[in-house]
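build me a structure from this.
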Amino acid sequence: MRILALGDVVGRPGRDIITEVLPGLITDREVSFVVTNAENAAGGSGLTPETARALFEAGVDCITTGDHVFRRKEIIPLLETDARILRPANFARSASGKGFTVLEGRHGERVGVVNVLGRVFMKPIDDPFAAVESILNRLAGDTDVIVVDFHAEATSEKVAMGWHLDGRVTAVIGSHTHVQTADERVLPKGTAYITDLGMTGPHQSVLGRSVEKVVRALTTGMPTHFDVATGDVRLSGVLITADRNTHKATAIERIVVKKT
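Purely as a prediction, here's the structure:
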């Protein structure tokens with residue numbers, strides 16, 4: 001089976017290119033399952049029911065998030081009821097939503113998706129390694145493949161998670177930095193890995209925001225509203241090929257598609 005994992009969706013430009021490009025990618029590349037991080041899909045920060053619906057209608061099967069998941073309060077009820085939308089599993093147990101799910105792929109595959117948040121250079125949070133361990137115990141025997149979205153800042157923490165889970169999950173995909181890395185590979189025991197999927201959104205920007213506004217804030221120290229940029233819109237991610245019988249990945253390919 002083939003799993004398409006897309007990097008952080010930023011604002012309307014990110015949503016628009018998914019609507020434009022994703023249906024064709026699913027058909028042309030025979031994609032069984034699509035997962036995307038969309039914690040910045042609504043106005044560049046947060047997620048709303050309307051933006052989630054647009055992504056699902058375009059072909060996304062599962063939405064993961066990160067530290068901005070609760071930025072838009074209107075998403076909270078949906079986090080409680082829709083198994084296709086995750087928040088990091090290592091948030092407090094009392095936090096709304098869930099950190100993992102099992103969904104059905106286009107050919108009946110049982111796809112487990114786990115979402116965790118890093119701790120290095122991030123706000124204090126529970127141990128992501130322990131959170132994943134607990135979830136893997138609960139998922140034992142219930143999935144054909146397992147994908148872990150590790151939303152983290154430090155490359156070292158992400159690489160460590162990849163090695164920690166090698167052979168026990170199908171893929172460890174990094175998100176959060178909005179910069180696609182060139183280290184995609186299948187680890188020795190069969191886990192596909194990339195440190196960061198990159199950004200699905202405007203690349204003529206500073207991580208999806210207006211260049212002028214970000215530079216002004218950094219050079220003056222004055223508070224500035226960071227508008228979502230619009231130029232050079234790209235879809236970024238990876239295509240993972242996996243064996244549903246062994247749970248192992250056999251290939252991983254970086255994907256970048258520019259808006260026409």
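
tell me which residue is most central in this structure.
Computing the C-alpha centroid of the chain and ranking residues by Cα atoms, centre = their mean puts Asn37 first, at 2.9 Å.

beta partners of it?
Thr64 (DSSP bridges).

which pLDDT value goes with it?
For Asn37, the pLDDT comes out at 98.

can you pull out the helices in the stretch 1-150 of the chain?
11-28, 49-58, 76-81, 128-139 (DSSP state H, counting those that start in this stretch).

what's the spacing between the residue nearest to the centre of the chain and Thr200?
9 Å (Cβ to Cβ, to the nearest Å). (Glycine included, C-beta is placed from N, CA and C.)

shared neighbours, the two?
Jointly contacting Asn37 and Thr200 under the rule Cβ atoms under 8 Å, 6 or more residues apart in numbering are Leu6, Gly7, Asp8, Val9.

let's see which of these end up in strands.
Using DSSP state E, Leu6, Asp8, Val9 are the members of those that sit in strands.

longest strand anywhere in this protein?
strand 231-242.

put the alpha carbons of that strand into PDB.
C-alpha atoms of strand 231-242 as PDB (Å, rounded to 0.1, in the frame of the first residue of the first chain):
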ATOM      1  CA  GLY A 231       3.700  33.400  -3.500                       C
ATOM      2  CA  ASP A 232       5.300  30.200  -4.800                       C
ATOM      3  CA  VAL A 233       2.700  27.800  -3.300                       C
ATOM      4  CA  ARG A 234       3.800  24.200  -3.100                       C
ATOM      5  CA  LEU A 235       2.600  20.800  -1.700                       C
ATOM      6  CA  SER A 236       5.300  19.000   0.200                       C
ATOM      7  CA  GLY A 237       5.500  15.600   1.800                       C
ATOM      8  CA  VAL A 238       6.500  12.000   1.200                       C
ATOM      9  CA  LEU A 239       5.100   8.900  -0.400                       C
ATOM     10  CA  ILE A 240       5.700   5.800   1.600                       C
ATOM     11  CA  THR A 241       5.300   2.300   0.200                       C
ATOM     12  CA  ALA A 242       4.500  -0.300   2.800                       C
END
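
all set, thanks.
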